[in-house]
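A.B. asks: Provided below for reference: sequence and predicted model.
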Amino acid sequence: PEPALDVFPSATIAPVSPLIFSGFLEHLGRCIYGGILPAGHTNFPYTPRNPCSEDQFIETPKELLTEEGFRKDVLEVLRDELGTPMVRWPGGNYVSSYKWKDGIGSLEERKRRPELAWGGEESNLFGTDEFIAWCRVARIEPYVVLNMGTGTLEEALHWIEYCNGAGDTYYANLRRKNTGKDEPHNVKYWGLGNEVWGEWQVGQQTASAYATKARQWAHAIRLIDPTVKLVGCGETGLNHWDGVVLDELVDKVDLHSIHLYTGFGPRDRSQIDKEYGRAVYGPDAAEYSIEICKGLINKARVAKTISKPITIAFDEYGVWDETVGTPENGLEQFYNLADALAMASWLNVFVRQADIVEMACIAQSVNVISPLITSPTGLFRQTIYWPLYLFSRYMRGGVSIRVSLLSPTFAGETLPQWVSSVKGQPKDLDASAVLHTSETGQKSVRIAVVNRSEHSAYTVPVRIAFVSAPKEVKAHELWHEDVKEQNGWGKENEVSVKTKRAAWTGKWTFREHSFTLLVLDVV
Ligand code: AHR
């Protein structure tokens, strides 16, 4: 069909949850040690692909650190540029053998341990109190995942008491002693395990065994702190696991987690033209997962007559090619413009599904399959940083509204068979929109459009229903003539956003392989 985009400001879906711009920090590669703390703490034996990291043991100069000893640059990007509202920690796979008590008290007391998820050793120099201290400086809400692999319920209860206890009890007092402050850490969001379904997980379980255990844990956790929000461990949202776990846990949890990465197993980077489709159109599978998961949630709610809404925590998503970002290199992957288009499509999905997706955590926030890559003395922003930046800046605070899109479709192989056989071929154009009201009452419609076609530009009529025609448009565009182009050391801004203002004519040309965010003031 001829492309056309209709936007309906009066057809509201739901406010966009600010938590969809959340992050994830795992003890893996150079995420914590090298990303949050200076590189000198790196204790993970791997071969980094980061060309600057031969000098990873160079001391980071003091002026580049906060007074608490955290990297200032990473913290400032996450806080001041991306406005990251929440961060998930300490894993990921790492959490399934994490002993939180090894990571508290004086640094000399910390226990160095074998690290089972990714190999190597863990120094435990960054533990609960350091994480909370970092969150406070970064003005980020903590989200802590419990160890349901080697960990016991008793250890989990001790951890929650340590973080949130306000009484005169042993672990609350131990926290006061360690931090020198009376104030609890007040961790509201807790995850009931990570990917417990996975064969790579320490402590893998069947769905029904997990559900029974998670019910017991949730019950006990709410006795120690009834104010917490609990995230049940889901799979990809549409698996047998998700159905079983939701049926059992729906009355015990607040959110159900989904994990999915664009890439769907090994891709062949040498054949990037062939792989383009899978990379760029892949996030359509996430939308399918969310739609089915929403059905499973509501089915479980109906069965148990639960009126409280249960939402989705998409607490690991991103662009990950497992042949490139490997455990050996600490999952350091360098992204091109095609990957950034996928990132924009991911975010379109979360905005369109605003009525059910409460939280989304990009995996991960620094160095590990991340928009940010550090050296001991600096950082650069990868291509995938820019969609996250634009969405966080312009779609946050808005109410998601319906869009109707006519678009040519992509003919090649794209999604996993199980998605394309049901959903059909994906559209070249992908869009979401919000209605935003500023503090002064100015309303604007913000439309995010990814043109995923590698070679075709489209001039698209953009009709905004039932508002008087806007006079002007502000357009932010991410584009480069070479869709394989990357940013890197020495070419930090090769792929970045250009902004222009233009008179609004009711249509827009979206260049081939581009991401555009249009801001239109309306009355
Ligand atoms: O983000 C990398 C890993 O991917 C996480 O540790 C795990 O939960 C997932 O499989």
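C.D. replies: Sure, I can see it. Numbering: from 1, shown residues only.
A.B. asks: Which residue is the nearest non-sequential neighbour of Val351?
C.D. replies: Using CB to CB, 6 or more residues apart in numbering and skipping the chain neighbours, the partner closest in space to Val351 is Ser432 (3.9 Å). From N, CA and C alone the C-beta is placed, and that goes for glycine too.
A.B. asks: same for the strand or helix carrying that neighbour, what does it pack against?
C.D. replies: Applying DSSP states H and E as the criterion places Ser432 in strand 429-437. When contacts are defined as 3 or more CB pairs under 8 Å, 6 or more residues apart in numbering; DSSP states H and E, strand 429-437 sits against strand 4-15, helix 337-352, strand 399-406, strand 443-451.
A.B. asks: Let me see the ranges of the helices in the stretch 351-500 of the chain.
C.D. replies: 385-394, 417-423 (DSSP state H, counting those that start in this stretch).
A.B. asks: Which of these has the lowest mean pLDDT?
C.D. replies: Ranked by mean pLDDT, those bottom out at helix 417-423, with a mean of 70.
A.B. asks: Which residues of the stretch 151-300 of the chain lie near the ligand?
C.D. replies: Within the stretch 151-300 of the chain, the positions adjacent to the ligand are 194-195 by CB under 6 Å from any ligand atom.
A.B. asks: any idea where the strands of the stretch 151-300 of the chain begin and end?
C.D. replies: Ranges of strands in the stretch 151-300 of the chain, per DSSP state E, counting those that start in this stretch, are 189-191, 229-232, 255-262.
A.B. asks: These: lowest mean pLDDT?
C.D. replies: It's strand 255-262: among the strands of the stretch 151-300 of the chain, that one has the lowest mean pLDDT, namely a mean of 94.
A.B. asks: quick one: strands adjacent to it?
C.D. replies: strand 229-232 (parallel), strand 311-319 (parallel) (DSSP bridges).
A.B. asks: Mind checking those strands for the one nearest to Val74?
C.D. replies: Comparing these against Val74 with CB to CB, the closest turns out to be strand 311-319 (17.2 Å).
A.B. asks: just the angle between the closest one and helix 385-394, please?
C.D. replies: 150 degrees (axes from the mean of the first three to the mean of the last three CA atoms, to 10 degrees).
A.B. asks: got the angle between strand 311-319 and helix 337-352?
C.D. replies: Using the same axes, to 10 degrees: strand 311-319 against helix 337-352 is 170 degrees.
A.B. asks: Lys72: neighbouring residues, count only.
C.D. replies: Neighbourhood size, Lys72 [other CB atoms under 10 Å]: 14.
A.B. asks: My guess is it contacts Leu64. True?
C.D. replies: Yes. Using CB atoms under 8 Å, Lys72 is in contact with Leu64, at 5.6 Å.
A.B. asks: list the buried ones in stretch 191-201?
C.D. replies: For stretch 191-201, a neighbour-count test (16 or more other CB atoms under 10 Å) marks 191-197, 201 as buried.
A.B. asks: Quick check: end-to-end length of it?
C.D. replies: 15 Å (CA to CA, to the nearest Å).
A.B. asks: How far off centre is it?
C.D. replies: Centre-to-centre, stretch 191-201 and its host chain are 17 Å apart (CA atoms, centre = their mean, to the nearest Å).
A.B. asks: which residues make contact with it from outside it?
C.D. replies: Here stretch 191-201 makes contact (CB atoms under 8 Å, 6 or more residues apart in numbering) with 88, 91-93, 95-96, 117, 143-149, 203-205, 207, 210, 214, 217-218, 230-233, 235, 239, 241, 253, 257, 259, 313, 315.
A.B. asks: The same query, at a cut-off of 7 Å, please.
C.D. replies: 91-93, 95-96, 143, 145-146, 148-149, 203-205, 207, 210, 214, 217-218, 230-233, 235, 241, 257, 259 (CB atoms under 7 Å, 6 or more residues apart in numbering).
A.B. asks: ditto for stretch 103-119
C.D. replies: By CB under 7 Å, 6+ apart, stretch 103-119 touches 28, 91, 93-94, 96-97, 102, 121-125, 127-129, 178, 202, 327.
A.B. asks: which residue sits closest to Ser404, ignoring its sequence neighbours?
C.D. replies: Sequence neighbours aside, Asp6 is the residue nearest to Ser404 in space, at 4.4 Å (criterion: CB to CB, 6+ apart).
A.B. asks: give the contact list for that neighbour.
C.D. replies: By CB under 7 Å, 6+ apart, the neighbours of Asp6 are 403-404, 463, 465.
A.B. asks: Dump those into JSON lines; add distance to Leu157, pLDDT and neighbour count as well.
C.D. replies: Shown next, in JSON lines, are those (distance: CB to CB, whole Å; pLDDT from 0 to 100; neighbours: other CB atoms under 10 Å):
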{"residue": "Val403", "distance to Leu157": "46", "pLDDT": "98", "neighbour count": "22"}
{"residue": "Ser404", "distance to Leu157": "50", "pLDDT": "97", "neighbour count": "13"}
{"residue": "Arg463", "distance to Leu157": "56", "pLDDT": "97", "neighbour count": "14"}
{"residue": "Ala465", "distance to Leu157": "53", "pLDDT": "94", "neighbour count": "13"}
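A.B. asks: quick one: low-confidence ranges for this structure?
C.D. replies: Applying pLDDT under 70 to the chain picks out residues 39-58, 263-274, 414-420.
A.B. asks: The ligand contacts on that one?
C.D. replies: 26, 91-93, 194-195, 316, 363-364.
A.B. asks: Tell me which two in those residues are the farthest apart.
C.D. replies: Pairwise distances among the residues of the chain next to the ligand were taken by CB to CB; the largest, 14.4 Å, belongs to Glu195 and Gln364.
A.B. asks: Could I get the contacting residues of the closest residue to the ligand within the stretch 251-400 of the chain?
C.D. replies: Nearest to the ligand in the stretch 251-400 of the chain, going by CB to the nearest ligand atom, is Ala363, at a distance of 4.1 Å. Going by CB under 7 Å, 6+ apart, Ala363 touches 24, 316-318, 369.
A.B. asks: do that again at 6 Å, thanks
C.D. replies: Counting by CB atoms under 6 Å, 6 or more residues apart in numbering, Ala363 makes contact with 24, 316, 318.
A.B. asks: If we ignore the residues flanking it in sequence, what's nearest Thr499?
C.D. replies: Per CB to CB, 6+ apart, closest to Thr499 is His476, 4.9 Å.
A.B. asks: give me the number of residues near the one you found?
C.D. replies: His476 has 20 nearby residues by other CB under 10 Å.
A.B. asks: try Gln204
C.D. replies: Neighbour number of Gln204 under other CB under 10 Å is 15.
A.B. asks: So it versus Leu65, what's the distance?
C.D. replies: Taking CB to CB, to the nearest Å as the measure, Gln204 falls 39 Å from Leu65.
A.B. asks: likewise Val319?
C.D. replies: Here Val319 is placed at a distance of 30 Å from Leu65 (CB to CB).
A.B. asks: the more surrounded of the two?
C.D. replies: Counted by other CB under 10 Å, Val319 and Leu65 do not tie: Val319 has more neighbours, with 29 against 16.
A.B. asks: OK, contacts around that one?
C.D. replies: By CB under 6 Å, 6+ apart, the contact set of Val319 is 262, 339, 342.
A.B. asks: Try it again at 8 Å.
C.D. replies: For Val319, the contacting residues are 261-263, 279, 333, 335, 339, 342-343, 346, 369, 384, by CB under 8 Å, 6+ apart.
A.B. asks: Give me the longest helix you can find in this protein.
C.D. replies: If you go by DSSP state H, the chain has its longest helix at helix 284-303.
A.B. asks: buried set for that one?
C.D. replies: For helix 284-303, burial by neighbour count (16+ other CB under 10 Å) applies to 284-290, 292-294, 296-298, 300-301.
A.B. asks: Done for today, thanks.
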